[in-house]
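1. show me how the following folds:
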Amino acid sequence: MRSIPLFTPAETHPCPYLDDLEAQSQYVDPRISPDIDTLSALSRLGFRRSGKLLYRPACPSCSECKSVRLPVGNFKASRNMKRLLSKTRHWRLSVQKPSRDDEFYELYARYITERHSDGDMYPPSRQTYTEFLTEDFGNTYFLLAEDQDGLIGVLVFDVFNDGLSAVYCFYAPERESESVGTNLIIRLTQLSTLLGLHFNYLGYLVEGCRKMEYKKRFKPLEVFEQNHWVTLNPDDSLP
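-> Prediction:
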């Protein structure tokens, strides 16, 4: 990978994961349009994407955010996961390029309003939806789940040289009992296998943040620690 300019703004912002903490991020120079090889290498170094911003945590007094990924060749669905897949075997799954159509935005807006009204994306807006989920580097797709009642959920994901990366999931709030988010991550893991890729990048796992705990259900999980990927012992806390 060629040298990539990075910068870390001095400003901090409230941490979205842990209460009463300030967060700081390191960014890739936004004037650069990285190719797929560069994007893949940045992912392996713990960077994530928000729209066309590539970043990773750089908090001076905290290191709780850890990048995690699932080696798909070693993944074994738990009994609960198998029951979940059986329960939703009637879902129709498809993949398409990111869309700004009303159907997708309206589902996103309902999801944010009913599930995350205490978050920084509330109230929902078309600008936030467009910038966050439909502006990309050409390697982003929507994984759709539908049935006879219509659109159930959307998992936004990126394609890298070595794997797929779950970016964000939104779904019909009334389908919560079907564990849509977990379900679609399992399906994305299966898609990685079908494509002959090695990993499903799941973003950050944060010790002490309950909304991130679900990622520990995917085993074996690897965590990026001190510039190396190591297997996370399911019985241990993060390194």
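
2. what about residue 84, which SS state?
-> helix (DSSP: H, G, I helix; E, B strand; the rest coil).

3. do I have it right that it meets residue 183?
-> Yes: the pair residue 84 / residue 183 is scored as a contact, 5.8 Å apart, by Cβ atoms under 8 Å. Bear in mind the C-beta positions are built from the backbone N, C-alpha and C, glycine included.

4. okay, the two: which has more neighbours?
-> residue 183 (23 against 18; other Cβ atoms under 10 Å).

5. what separation do you get for the residue sitting furthest away from the middle of the chain and residue 87?
-> Residue farthest from the centre of the chain, counting by Cα atoms, centre = their mean, is residue 148 at 27.0 Å. To residue 87, residue 148 is 15 Å away according to Cβ to Cβ, to the nearest Å.

6. same deal with residue 134?
-> As judged by Cβ to Cβ, residue 134 and residue 87 stand 31 Å apart.

7. who's more crowded, the two?
-> residue 134 (18 against 13).

8. next up, the contacts around the more buried one.
-> Taking Cβ atoms under 8 Å, 6 or more residues apart in numbering, we find residue 134 in contact with 98-100.

9. what strands flank the lowest-mean-pLDDT helix or strand in the chain, and is each parallel or antiparallel?
-> Least confident element among the helices and strands of the chain, by mean pLDDT, DSSP states H and E: strand 13-14 (a mean of 88). When sheet partners are counted by DSSP bridges, strand 13-14 sits next to strand 22-23 (antiparallel).

10. and the helices in this structure?
-> 36-44, 79-87, 102-115, 126-129, 180-194 (DSSP state H).
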